[in-house]
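Participant: just to be clear, the model below is a prediction. Sequence and coordinates:
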Amino acid sequence: MEQIQAEIEAIRSQIAALKEERQQLIVDAVVPENKSPEAIVQAYRDHARETAHQSAEVKGIDDAIAALEAQLQQKQAQLQPSQSQPRRNPLEEQVEEGRKRAHVHAERINELAAQLAQEVQELKAIADEISPSYWQVYYKPFITGFQSISVPHVRSDGDVWTIVNRVV
């Protein structure tokens with residue numbers, strides 16, 4: 001019993017460490033001020049390469065957290081005495097397990113949507129900044145379609161889950 005409790009605490013501390021590491025991986029683009037156009041282009045290219053690597057790391061961390069949370073649930077189930085638990089309907093147990101898995105994915109969708117919304121807003125700011133000059137140089141718009149950009153958001157009233165589109 002004490003061994004299971006120690007394993008649960010180890011899993012919880014590992015999950016906390018992974019969540020902290022995930023937060024530290026998110027880095028904003030560094031734009032050099034008063035630098036040459038080549039330096040600015042290189043800074044954005046470097047940021048894009050770094051972001052791709054970071055996205056892969058964040059995905060790996062999220063997968064590890066999901067696996068550890070599943071293991072944590074199993075360990076916590078082992079702690080509870082099976083005789084005192086009334087037997088639930090197998091279908092009900094299957095639904096509850098599915099709800100727990102869906103909750104993990106819904107949280108991940110909401111996190112990604114928030115990051116995507118931030119990226120779209122930054123892109124729109126850049127487009128707003130350079131569009132007048134772009135028209136003068138190329139005689140066409142730089143980016144179109146910013147009137148109604150939306151990202152998904154999952155919410156729940158406890159029983160029913162709803163996926164809505166939030167306008168950025």
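Facilitator: Received, thanks. Residues are numbered from 1 along each chain as shown.
Participant: just how off-centre is stretch 102-113 within its chain?
Facilitator: Distance of stretch 102-113 from its chain centroid, counting by CA atoms, centre = their mean, to the nearest Å, is 7 Å.
Participant: please apply the same query to stretch 47-62.
Facilitator: Worked out by CA atoms, centre = their mean, stretch 47-62 lies 11 Å from the chain centre.
Participant: mean confidence for that stretch?
Facilitator: Throughout stretch 47-62, pLDDT has a mean value of 78.
Participant: in it, which residues are buried?
Facilitator: For stretch 47-62, burial by neighbour count (16 or more other CB atoms under 10 Å) applies to H47, T51, V58, I61, D62. In short, each C-beta sits where N, CA and C put it, glycine included.
Participant: other SSEs contacting the strand or helix carrying the second one?
Facilitator: Secondary structure here is read from DSSP states H and E; on that basis T51 sits in helix 37-79. Under the contact definition 3 or more CB pairs under 8 Å, 6 or more residues apart in numbering; DSSP states H and E, helix 37-79 sits against helix 2-25, helix 90-138.
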